[in-house]
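Student: sequence unknown, structure follows:
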Ligand SMILES: Cc1cc2nc3c(=O)[nH]c(=O)nc-3n(C[C@H](O)[C@H](O)[C@H](O)COP(=O)(O)O)c2cc1C
């Protein structure tokens with residue numbers, strides 16, 4: 001697909017059909033995430049793929065709100081960064097996240113970014129990161145940036161074609 005078309009087509013999809021996504025397609029999406037550029041080429045982002053439906057259901061409580069779609073997703077990808085190794089781990093993870101979203105969109109697979117860094121889980125006083133660490137067992141030294149829910153879309157969304165021209169500045173603000 002033409003890149004401009006792809007950018008226009010990608011939308012946040014929060015409702016999914018029951019259709020599974022093949023391991024081959026999951027691998028293509030994850031590969032795209034790990035092919036993203038990274039600061040000093042340190043490749044600090046790592047990805048935990050979650051396919052187990054019970055785990056996805058429990059993980060839906062990773063945030064007080066805005067993560068419910070994990071219950072019903074075909075799979076999810078938690079993106080963690082080695083925050084001890086790379087000061088730009090947030091940027092590295094963000095690029096891995098958007099590369100995966102674009103790869104999915106190109107394949108006709110819907111997705112939604114679920115912000116976890118700095119957020120609270122549904123459990124009182126437990127951060128999203130602590131909640132996810134307990135479930136997914138990633139080590140200390142790794143920080144959770146976000147989780148992406150993926151699935152075949154069960155909702156219609158228009159393409160994005162408009163931008164705010166006032167946000168473009170030439171030479172000076
Ligand atoms: C950094 C970031 C964090 C986001 N966090 C959430 C989230 O926690 N839950 C959610 O439902 N959507 C989340 N989104 C999706 C945005 O709400 C969505 O991208 C925005 O409303 C624009 O819609 P679109 O993606 O369909 O163009 C997030 C997006 C970004 C880029």
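Tutor: In hand now; what should we look at? The shown structure was predicted, so the numbers you read here are calculated from the model rather than taken from an experiment.
Student: CA only for contacts and neighbour counts going forward, please
Tutor: Will do.
Student: ok, and the closest non-adjacent residue to the residue nearest the centre of the chain?
Tutor: The C-alpha lying nearest the average C-alpha coordinate of the chain belongs to residue 148 (Cα atoms, centre = their mean; 2.9 Å). The shortest distance from residue 148 to any non-neighbouring residue, by Cα to Cα, 6 or more residues apart in numbering, is to residue 113 (4.6 Å).
Student: make sure that neighbour is indeed in a helix.
Tutor: No - per DSSP: H, G, I helix; E, B strand; the rest coil, residue 113 lies outside any helix segment and is strand.
Student: correct me if wrong: it contacts residue 150.
Tutor: No - with contact defined as Cα atoms under 8 Å, residue 113 does not count as touching residue 150 (9.2 Å).
Student: look at those two and report which has more neighbours.
Tutor: Shown here are residue 113 and residue 150; by other Cα atoms under 10 Å, residue 150 has more neighbours (31 against 22).
Student: quick one: secondary structure of residue 103?
Tutor: helix.
Student: circling back: what distance do you get for the residue nearest to residue 148 to the ligand?
Tutor: Residue 113 sits 5 Å away from the ligand, going by Cα to the nearest ligand atom, to the nearest Å.
Student: try residue 38
Tutor: 17 Å.
Student: contacting residues for the residue nearest to that residue when sequence neighbours are not counted?
Tutor: Leaving aside its sequence neighbours, residue 38 sits nearest to residue 92 (Cα to Cα, 6+ apart; 5.0 Å). Contacts here follow Cα atoms under 8 Å, 6 or more residues apart in numbering; on that basis residue 92 touches 36-39, 43-45, 81.
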